[in-house]
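Asker: One predicted model, sequence on top.
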Amino acid sequence: MYVAVKGGQKAISEAHKLLEVTRRGDTELAEISLAQLQNQLSLAVDRVQAEGSLYAPRMAALAVKQAQGDLVEAIFLLRAARASLKRFGYSEPIKTTAMRPRRRISGTFKDIPGGQILGPTFDYTHRLLKPSLMDGEDGVRKVGQDREPGQDSQKGLGGLGDPLEAWEDFGAQAPEGPKPSNGGELTGVASILELEGLIETIEDLESAQRPFDLTREPLEVPLNRGGRLQALARADEGFLLALAYSSQRGFGSVHPFVAELRLGPVELEFRAPELDLVITVGEIEVTECQTANQFKGGGGKPPMFTRGYGLTFGHNERKALSMAIVDRALRSRELNEAIKGPAQNEEFVLYHSDNVEASGFVSHIKLPHYVDFQAELSMLREMRKKLMAQKEGPGPDGETSGPESKKE
């Protein structure tokens, strides 16, 4: 497609140097650290992890720094890094019922087993700028400033300890509940509806098909629900948000209730094949959202609530909720519902939701297209020449009377 451009390599090299100078900015200012990005721009780092398909907070922070805060570029960088890593196995499915939630809410029942936790949220803020932040006076006590000598001050939000300890570090009382039940597991809100048979069971939705790995297999539609959820989990947040909004406005059939939304750490387990033993290798933080959607029945199914599901790395509530809405919208064909909007079109959603692919395809037109353009330009000139000849018509002697003949 492109034609070789002589002398371009030096210009490209200089552009790379200029990009690095621009990234660093004013050298009189202290360079931002990865720890600062992880702790103070954690939501940006979490989005990069989620859409980059790699849970690695420090690498995601590095990508944000290198990309000058351009999150789509950072996601591209993290995916490229992930592709170079050796794959040595698959983890066991995480148990979100065993989560130690920092935040847990429900829009369906006021009183839920274990109680609700508002946790860290923008939902009830007034969206007013805080001038005090301009001078670094945020009014928050430093983590660990009241600890006894010798105590680890890196626990909580900034370290590897229990995230609930951070509540004490910030002068707030740690949430009391929910208290895990059933062998350390926290009962889901949707199970209340399951008891009356008013919502689909998890067993009804599970697929017997082999799990699909979108990072290693090409995307082809139709996909089973597991494959769709993988695609949605790393889809662009803004794109999913727009689709979810369109469905709620009537370009689809989904306007759900939030059965439950959870945020918190879960254990990650791996089965070592040589030992045939499941071991815990660490914790990751995830956001999970389950929605309950009205369904009038049909296709042999009685009226009931149907499920939508969203799960992402880190603190990504808007993404998880949008994902759950779009997941349910994409089940329209399965539930014999009319396809009325783009959110219900599987091919449209899955093929256009990946921001790395979309960015590459859109941005590639900035690169040289000299040969293509010259071909189009020549064709356009020839078409205009023929059109002008037809408008002016043949002369008295049968020849076309163009501008040159008039001049003679």
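Answerer: All right, it came through fine.
Asker: Could you give the average pLDDT over the strand or helix carrying Leu263?
Answerer: Here Leu263 sits within strand 257-272, counting by DSSP states H and E. Taken as a whole, strand 257-272 has a mean pLDDT of 94.
Asker: Check which residues of it are buried.
Answerer: Of all the residues in strand 257-272, those buried under the rule 16 or more other Cβ atoms under 10 Å are 258-266, 268, 270. The way it works is simple: take the backbone N, C-alpha and C, and place the C-beta from them, glycine included.
Asker: Contacts only, for Leu71.
Answerer: Applying Cβ atoms under 8 Å, 6 or more residues apart in numbering to Leu71 gives the contacts 44, 47-48, 64.
Asker: What of Thr96?
Answerer: 262, 266, 286, 288, 311.
Asker: want to try JSON lines for the residues you listed, with distance to Asp372 as columns?
Answerer: Converted to JSON lines, these look like this (distance: Cβ to Cβ, whole Å):
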{"residue": "Arg262", "distance to Asp372": "51"}
{"residue": "Val266", "distance to Asp372": "50"}
{"residue": "Val286", "distance to Asp372": "45"}
{"residue": "Glu288", "distance to Asp372": "47"}
{"residue": "Leu311", "distance to Asp372": "43"}
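Asker: of the buried residues of strand 257-272, closest to Glu92?
Answerer: Comparing the buried residues of strand 257-272 against Glu92 with Cβ to Cβ places Phe270 closest, at 6.7 Å.
Asker: Spatially, which two of the contacts of Leu71 are the most separated?
Answerer: Arg47 and Val64 (9.3 Å).
Asker: And Ser42, what's its pLDDT?
Answerer: In this model, Ser42 is scored at 96, pLDDT.
Asker: Can you get me a residue count around it?
Answerer: Neighbour count of Ser42, defined by other Cβ atoms under 10 Å: 19.
Asker: Distance check, it against Gln49.
Answerer: Per Cβ to Cβ, to the nearest Å, Ser42 is found 10 Å from Gln49.
Asker: and for the two, which residues touch both?
Answerer: Residues touching both Ser42 and Gln49 (Cβ under 8 Å, 6+ apart) are Gly314.
Asker: quick revisit: most neighbours among the contacts of Leu71, which one is it?
Answerer: Ranked by the number of neighbours (other Cβ under 10 Å), the contacts of Leu71 place Val48 first, at 31 neighbours.
Asker: Tell me the predicted confidence for that one.
Answerer: Value listed for Val48 in the pLDDT field: 97.
Asker: what's the strand holding Leu263 packed up against?
Answerer: Packing partners of strand 257-272 (3 or more Cβ pairs under 8 Å, 6 or more residues apart in numbering; DSSP states H and E): strand 103-105, helix 190-194, strand 277-295, helix 317-329.
Asker: ok but Gln374 is inside a helix, no?
Answerer: Yes - going by DSSP: H, G, I helix; E, B strand; the rest coil, the assignment for Gln374 places it inside a helix.
Asker: and it, what does it touch?
Answerer: Counted by Cβ under 8 Å, 6+ apart, Gln374 has zero contacts.
Asker: roughly how far apart are it and Gly8?
Answerer: Separation of Gln374 from Gly8 (Cβ to Cβ): 18 Å.
Asker: Kindly report the same for Ile105.
Answerer: Taking Cβ to Cβ, one finds Ile105 at 54 Å from Gly8.
Asker: I'd like to know which helix or strand in the chain has the lowest mean pLDDT.
Answerer: Of the helices and strands making up the chain, the lowest-confidence element is helix 165-169, at a mean of 39, by mean pLDDT, DSSP states H and E.
Asker: Number of residues surrounding Met59?
Answerer: By the criterion of other Cβ under 10 Å, Met59 has 20 neighbours.
Asker: who's in contact with it?
Answerer: Taking Cβ under 8 Å, 6+ apart as the test, what Met59 contacts is 78, 81.
Asker: tell me the contacts of the closest residue to Ile94 other than its chain neighbours?
Answerer: Nearest non-adjacent residue to Ile94, counting by Cβ to Cβ, 6 or more residues apart in numbering: Val266, 4.8 Å away. Neighbour list for Val266: 94-96, 98-99, 283-286 [criterion: Cβ under 8 Å, 6+ apart].
Asker: Surely Gly119 touches Arg103?
Answerer: Yes - assessed by Cβ atoms under 8 Å, Gly119 is found in contact with Arg103 at 2.8 Å.
Asker: anything in contact with each of these two?
Answerer: Leu263.
Asker: got any ranges where this structure has weak pLDDT?
Answerer: The model of the chain has pLDDT under 70 over residues 1-7, 137-184, 206-210, 299, 394-408.
Asker: domain assignment for it?
Answerer: 8-83, 96-122+152-361, 373-407 (automatic domain parsing).
Asker: Which one of these lies nearest to Ser132?
Answerer: domain 8-83 (15.0 Å).
Asker: end to end, how far does that closest one reach?
Answerer: Domain 8-83 has an end-to-end distance of 29 Å (criterion: Cα to Cα, to the nearest Å).
Asker: Looking at the contacts of Val266, spot the one nearest Leu205.
Answerer: Distances from Leu205 to these, taken by Cβ to Cβ, are shortest for Thr96, at 15.1 Å.
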